[in-house]
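# Next comes the sequence, and after it the predicted model I'd like to discuss.
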Amino acid sequence: MAERIGFIGLGIMGRGMARNLLNAGFPLTVWNRTAARAEELVAAGAALAASPAALAGQSEIIISCVSDTPDVEAVLLGEQGAIHGAQAGALVIDMSTISPQATRTIGAKLAERGVAMLDAPVSGGSEGAAKGTLSIMVGGEAANVERARPAFEAMGKTITHVGALGDGQTVKLANQILVVGNTMAMAEALLFAQASGVDLQHTYDALKNGAAGSWMFTNRAPQILQRDWRPGFTIDLQEKDLRLALTAAEQVGVPLLGTSLIANLYRTLQQRGLGAEGNHALVKALEALSGFEVGA
Ligand code: NAP
């Protein structure tokens, strides 16, 4: 019998992930701060809870996928948080990208109530969430990872147990260092091709399957060529992840030279009011510096 799952946070990622759990046959209860965003899943067969605490009372596994560290603290430990409804023996899985250190603190508070925790941040974008092909990097005890595996398999394709609680978040931050490096390289390459007067569609076709190809280039370069800034992943969330990565890097004493430069560029875009655009809009920061515009 599939365990009863409660899903907190039906944003760009959460709604696809929850839908895949439902499709895989898990009895599902959902909660979202903005209630209207839960309607689609309720229509598809999910139960609706009035608060994270109420959701936890009906769930054996409680999954959160919200924005930032304080948001996870609010939905798990806050006044109406899941901790107040969860039964001893329940398992909390946080699939947001947040601070590794805060994750360990949250885990310790849940453990005092007999509730176990895994951190399981994801990569693969909104496309991966919708298709159930996410890469999931999991931190926590092996027995809990095995307990969660059927749920992970409904949401993702590559499930890697990377270490203890908090280590999933550390690996995710390493992933974000790769993401912004790829985004910056894509933006510079397209701007260079544009300024040099070569056809951008031909450039894309020639490069995407070569050694310098990347998920970012394949999926987001076409959006840049169309000047389509709708987010798979927003600039605000990207800046949040870079802040988390730079803080964690400072704690272990490693310089992240390229990453801090890119973080500064993302901040300039936020200052210009572009925080809700997709992270591929990084190219706009370079356009402002160079005077060239891709796809113009
Ligand atoms: P999103 O579309 O902005 O959704 C954020 C979700 O968090 C919404 O359901 C929002 O509720 C909820 N939320 C935020 N603050 C809250 C609070 N204080 N209390 C209760 N609910 C709160 O973001 P997303 O793209 O789905 O990202 C979710 C997480 O996944 C983030 O940690 C992100 O870094 C990570 N992630 C995203 C991607 C991606 O490509 N998008 C990829 C990998 C990982 P409302 O609907 O009420 O605003």
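Arrived safely, thanks for sending. Numbers count the residues shown, from 1 in each chain.
# hang on, L246 in a helix?
Yes. Under DSSP: H, G, I helix; E, B strand; the rest coil, L246 sits within a helix.
# so who does it touch?
Shown in contact with L246 (Cβ atoms under 8 Å, 6 or more residues apart in numbering): 256, 259-260, 263. (Each C-beta comes from the backbone N, C-alpha and C, glycine too.)
# any idea of the mean pLDDT in stretch 105-117?
Mean per-residue pLDDT for stretch 105-117: 98.
# Ends of it, what's the gap?
With Cα to Cα, to the nearest Å as the measure, the ends of stretch 105-117 fall 11 Å from one another.
# picking up where we left off before, which one (most neighbours) among the contacts of L246?
Highest neighbour count within those, by other Cβ atoms under 10 Å: T259, with 20 neighbours.
# hang on, that residue packs against V179?
No. Using Cβ atoms under 8 Å, T259 is not in contact with V179, being 10.0 Å away.
# Tell me the one of the contacts of L246 nearest Q223?
A263 (21.6 Å; Cβ to Cβ).
# thought the closest one was touching K240?
No. Using Cβ under 8 Å, A263 is not in contact with K240; the gap is 10.3 Å.
# Close to the ligand: what parts of this protein are there?
For the chain, the residues in contact with the ligand (Cβ under 6 Å from any ligand atom) are 9-14, 32-34, 37, 65-67, 71, 74-75, 96-97, 122-123, 125-126, 232-233, 237, 241.
# Whichever of those residues end up buried, select them in ChimeraX.
Listed next is the ChimeraX selection for buried residues among the residues of the chain next to the ligand, using 16 or more other Cβ atoms under 10 Å:
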select :9,10,11,12,13,14,32,65,66,67,71,74,75,96,97,122,123,125,126,232,233,237,241
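# from the residues of the chain next to the ligand, which ones fall inside helices?
Within those, residues falling in helices by DSSP state H are 12-14, 71, 74-75, 125-126, 237, 241.
# Closest one of the contacts of L246 to the ligand?
A263 (14.7 Å; Cβ to the nearest ligand atom).
# Which strands or helices does the helix or strand of the chain with the lowest mean pLDDT pack on?
Least confident helix or strand of the chain, by mean pLDDT, DSSP states H and E, is helix 125-131 with a mean of 95. Contacts defined by 3 or more Cβ pairs under 8 Å, 6 or more residues apart in numbering; DSSP states H and E place helix 125-131 against helix 12-23, helix 215-225.
# Please identify the deepest-packed of those helices.
Mean neighbour count (mean count of other Cβ atoms under 10 Å) peaks for helix 12-23 among the helices and strands packed on helix 125-131, with a mean of 22.
# List the contacts of it.
Residues from elsewhere that reach helix 12-23 (Cβ under 8 Å, 6+ apart): 5, 7-8, 10, 28, 30, 32, 37, 40-41, 44-46, 63, 65-66, 95, 122, 126, 129-132, 134, 151, 154-155, 231-233.
# Distance of H202 relative to K208?
Remark: distance between H202 and K208 (Cβ to Cβ, to the nearest Å) = 11 Å.
# more neighbours, these two?
K208 (15 against 10).
# Help me confirm that that one comes into contact with W215.
No. If you go by Cβ under 8 Å, K208 and W215 don't touch, sitting 10.4 Å apart.
# okay, now the domains of the chain?
Domain assignment for the chain by automatic domain parsing gives 5-165, 170-290.
# Please work out which of those is packed deepest.
Sort the domains of the chain by mean neighbour count, taking mean count of other Cβ under 10 Å, and domain 5-165 sits at the top with a mean of 20.
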